[in-house]
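Enquirer: Prediction below, plus the sequence it came from.
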Amino acid sequence: MRIAIVGCGQFADAHIQEVRRIPGATVEAVCDLNYHMAEQAAARFEVPGLYTDLDRMLDDVHPDVVHITTPPGSHLAIARKVAEYGAHAYIEKPFTATAAEAEELIECATRAGVLLCVGHSYAYDSAYLRMKRQYEEGLLGEVVHVDTVMGYNLAGPFGAVMMGDPTHWVHALPGGVAQNNISHPLSLLLPFLPDEQPVVSACGLRCRLKRFGDRRDRFFDELRVTLLGRRTTASLQFSCRARPVQLYATVHGTKAQATASIDSRTLRLVHGASLPGPFARVQWAYRDERETRRELRRSVASLLRARLHFFEGLHELIRRFYLAIQGKGDMPIPMMEALRTTRIMEEIFIQCDRQLEES
Amino acid sequence: MTSVPTGIVLVTGPTGFLGQRVVRRLAETGRPVRALVRPGTDSGSFDACLSGVSNPLVEIVPASFSDLAALRRAVVGVEAILHIAASKTGSAASQVANNVVGSDNLFRTAVELSVRRFVLVSSFGVIGASQLPRASLVDESVPMDPHPERRDPYSFAKHRQEALGWKYHREAGLPLVVVRPGPIFGPGQPILVGRVGLNLFGLFLHLGGGNTIPLTHVDNCADAVVKAGLVPDIEGEVFCIVDDCLPTSRQLLRQYRRQVAPVPFVRVPFVLLRQLARLNASYSRRTNGHLPPVFTPYKVDAMWKGQRYSNDKAKRLLGWTPHIPMEEALSMTFAAQRRSC
């Protein structure tokens, strides 16, 4: 498969590295509006094609798949062009800036007969996949509630750049930094929440000092969301202050509870205890310890076998997407799921915006 | 023959370690300075740097390198630009975005507004030292690295930035002067730089052995940058900036352990280091990046092949001399580090 990358910011590196690990896939070209950005990616990864014009790149390279790793405000325009050209597209999260854009894009892809895959890559991390398997095998019972937590470091590599530049594209998103990130925790909870339109309730806090006098002072750095389905509920916590910074999902089932941590790449199942009285306390702790020990053994074995790649989820999602394109499997994330996520995100940020206006 | 610039000097990165000293040096001479800061930067950052300077003519101008209109306003009326701002952390892509894309806008604006002198503070990392035989002299005559992508992200981005500066010099007449300082040290900055070794889980791996460390004290370096902005008729020249009486890595570590803290260390000889670098690069390749290639033989050769350094050209053409002797500079730095320990 001939692959092209559009948008050569730092996350494009991860895409190029992971595509190169997939047998039969080669990165044929990189494209960025800025020549220096395209050139640095081409030079470091020895990519033969280097473009600053998307149309020219499509005409010259004839890619089968285009990975779009540009800011979300440009996703619709680029992906529409790619779809009309007849190539499939992997689109980094968030899928689009608005739900209307997502609808338009899916219509366009459907008309063109191509597939779009949104980059909800953490949903393909091995710990999370193991948790989903446990659910499918009936170990957790029926899902009652899902908790997801995502931490974010505003002083981290991306956060510092974004906070140092009032013109950074993140500040143009209606939900700011949260909008660029919460599709990840949403992608972990939505597979357990079957309702097409759950009742959304969102609120936020802005805990940092106002010191810029521009959009960097506006967004919520703490966000709390609840989703109410017919039989299942979910909550999402996005925090720029809680430490350690981590992403995890806990599924509360009618039989057991499971937590999949993306950062530690571990899965912890909580069965509770069956023994009576004070013995239950000991049994509970023993079962917890056994779970922890099993995960430690698994982590050490993975380390020794060189299987702890940082972008494991991204690799798996890309691999499954390429198989779906070749008719060898289902779409890992159906396009309608990308639309459902975008609609819920839009509702969250409408409510946040209302709260910000009132305050 | 060009005359000495006497008008406004624009300094980028004025709140950084080197930038603050450069602003102070200029202010001390009574020269008007325009300090280009990121929007939202606290102007109080200059209070300490300018303390004791009477009537400093320092104007603080917030502008992002990506905001062409704001950049143009900042450069209007400027006679010389000292471009010191640099991003030193993050991925190669983000460092190129910060160091190269922004510099492109600044180079272009400087050409359009006919700035008379443009000093780019580059880095030793751009020099093609890997290709040189053992114990070679590293100076301005050594060509730029032909494979900066095999080095670290910072060297790669600085290479691209300097190469772009030279392109503007050749094709658009940018009056460029390049200053390549070695690792800059001084109070408030770690002295055990990467060329000496690295801290691994509390144990210091001493990689530098008997190699000379091309240090420059921040005040000496600031003098060189200011002179590069003001000395006439040096457009198109490069200057490697290192102090006199450079210590070896071994001497530096010994003094540090005596005067600051007795850090536990293990010496890694060059032959072993090169084998480890080979192993690191090969493991990284075989496992598709399970561990990043932190050390590669190419990088090891660039830094630890017994290179020697010269500051003759800077002394000759800039009339620069490191006014703080190495012994005194190290002793001040060690004292500051002792206090912060």
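Expert: That came through, no problem. Numbering: from 1, shown residues only, chains lettered A, B, ... in the order given.
Enquirer: neighbours of B:Pro143, just the number please.
Expert: Neighbour count for B:Pro143, taken as other C-beta atoms under 10 Å in any protein chain shown: 9. To be clear about C-beta, it is placed using only N, CA and C from the backbone, and glycine gets the same treatment.
Enquirer: which residue sits closest to it, ignoring its sequence neighbours?
Expert: The spatial neighbour of B:Pro143 that comes closest, neighbours along the chain excluded (C-beta to C-beta, 6 or more residues apart in numbering or on different chains), is B:Gly128 at 5.2 Å.
Enquirer: which residues sit in contact with B:Arg34?
Expert: B:Ile8, B:Val9, B:Leu10, B:Val11, B:Val58, B:Glu59, B:Val61, B:Ala74, B:Val78 (C-beta atoms under 8 Å, 6 or more residues apart in numbering or on different chains).
Enquirer: Secondary structure element holding B:Arg257?
Expert: Remark: B:Arg257 resides in helix B:249-259, with elements defined by DSSP states H and E.
Enquirer: At which residues are the strands of the stretch 201-350 of chain A located?
Expert: A:222-228, A:233-239, A:247-253, A:257-261, A:266-270 (DSSP state E, counting those that start in this stretch).
Enquirer: Neighbouring strands - and their directions - for the next helix or strand after the helix holding B:Arg257?
Expert: Under the assignment DSSP H and E, the closest C-terminal helix or strand after helix B:249-259 is strand B:265-267. Looking at strand B:265-267 with DSSP bridges, its partner strands are strand B:203-206 (parallel).
Enquirer: residues in contact with the helix or strand just after the strand it pairs with?
Expert: Next in sequence after strand B:203-206, counting helices and strands by DSSP H and E, comes strand B:216-217. Strand B:216-217 has contacts (C-beta under 8 Å, 6+ apart) with B:181-186, B:224, B:241-243, B:322, B:324, B:326, B:329, B:333.
Enquirer: With adjacent residues omitted, what lies nearest to the closest residue to chain B within the stretch 101-250 of chain A?
Expert: Taking C-beta to the nearest C-beta, chain B has its nearest neighbour within the stretch 101-250 of chain A at A:Phe212, 4.0 Å off. Spatial nearest neighbour of A:Phe212, chain neighbours left out: B:Gly40 (4.0 Å); criterion: C-beta to C-beta, 6+ apart.
Enquirer: And for A:Ala14?
Expert: A:Phe311 is the one closest to A:Ala14 (C-beta to C-beta, 6+ apart), at 4.8 Å.
Enquirer: Repeat that for B:Asp139.
Expert: B:Ser310 (4.3 Å).
Enquirer: pLDDT at that neighbour, what is it?
Expert: Per-residue confidence at B:Ser310 stands at 97 (pLDDT).
Enquirer: Show me where the stretch 51-200 of chain A has its helices.
Expert: A:54-61, A:75-85, A:99-112, A:126-136, A:157-163, A:176-179, A:183-189 (DSSP state H, counting those that start in this stretch).
Enquirer: so what secondary structure elements neighbour the fifth one?
Expert: Secondary-structure packing of helix A:157-163 (3 or more C-beta pairs under 8 Å, 6 or more residues apart in numbering or on different chains; DSSP states H and E): helix B:92-96.
Enquirer: Show me what the helix or strand following the helix it packs on is in contact with.
Expert: Heading C-terminal from helix B:92-96, the first helix or strand you meet, by DSSP H and E, is helix B:102-112. With contacts defined as C-beta under 8 Å, 6+ apart, helix B:102-112 is touched by A:36, B:12, B:65-66, B:68, B:71-72, B:75, B:81, B:83, B:85, B:118, B:120, B:161, B:164-165, B:168, B:172-174.
Enquirer: Filter these down to the buried ones.
Expert: A:36, B:12, B:65-66, B:71, B:75, B:81, B:83, B:85, B:118, B:120, B:161, B:164-165, B:168, B:174 (16 or more other C-beta atoms under 10 Å in any protein chain shown).
Enquirer: Filter these down to the ones in helices?
Expert: A:His36, B:Leu71, B:Val75, B:Gln161, B:Leu164, B:Gly165, B:Tyr168 (DSSP state H).
Enquirer: May I see the residues you listed organised as CSV, with distance to B:Met303 added?
Expert: Below are these laid out as CSV (distance: C-beta to C-beta, whole Å):
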residue, distance to B:Met303
A:His36, 26
B:Leu71, 35
B:Val75, 36
B:Gln161, 20
B:Leu164, 24
B:Gly165, 24
B:Tyr168, 29
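Enquirer: And those residues, which is closest to A:Arg305?
Expert: Nearest to A:Arg305, judged by C-beta to C-beta, of these is A:His36 at 38.4 Å.
Enquirer: OK, contacts around that closest one?
Expert: B:Val96, B:Val100, B:Val101, B:Asp104, B:Arg160, B:Leu164.
Enquirer: these two touch, right, the first one and A:Met37?
Expert: Yes - with contact taken as C-beta atoms under 8 Å, B:Val96 and A:Met37 are classed as touching, separated by 6.5 Å.
Enquirer: Just want to know which of the two has more residues nearby.
Expert: B:Val96 (30 against 23).
Enquirer: what number of residues lie near the closest residue to that one other than its chain neighbours?
Expert: Excluding its sequence neighbours, the residue lying closest to B:Val96 (C-beta to C-beta, 6+ apart) is A:Gln40, at 4.4 Å. Using other C-beta under 10 Å, A:Gln40 is surrounded by 29 other residues.
Enquirer: Report the secondary structure state of B:Ala35.
Expert: strand (DSSP: H, G, I helix; E, B strand; the rest coil).
Enquirer: That one against B:Val11, yeah?
Expert: Yes - under the criterion of C-beta under 8 Å, B:Ala35 makes contact with B:Val11 at 5.5 Å.
Enquirer: so what's in contact with the two at the same time?
Expert: Taking C-beta under 8 Å, 6+ apart as the contact rule, B:Ala35 and B:Val11 both touch B:Val23.
Enquirer: Within range of chain A, give me the residues from the stretch 1-150 of chain B.
Expert: Contact residues, the stretch 1-150 of chain B versus chain A (C-beta under 8 Å from any C-beta of the partner chain): B:38-40, B:42, B:64, B:66-67, B:89-94, B:96-98, B:100-101, B:104, B:149.
Enquirer: Filter the residues you listed down to the buried ones.
Expert: Of the residues of the stretch 1-150 of chain B next to chain A, these count as buried by 16+ other C-beta under 10 Å: B:38-40, B:64, B:66-67, B:90-94, B:96-98, B:100-101, B:104, B:149.
Enquirer: Please tell me how far A:Leu303 sits from B:His290.
Expert: From A:Leu303 over to B:His290 the distance is 9 Å, taken as C-beta to C-beta, to the nearest Å.
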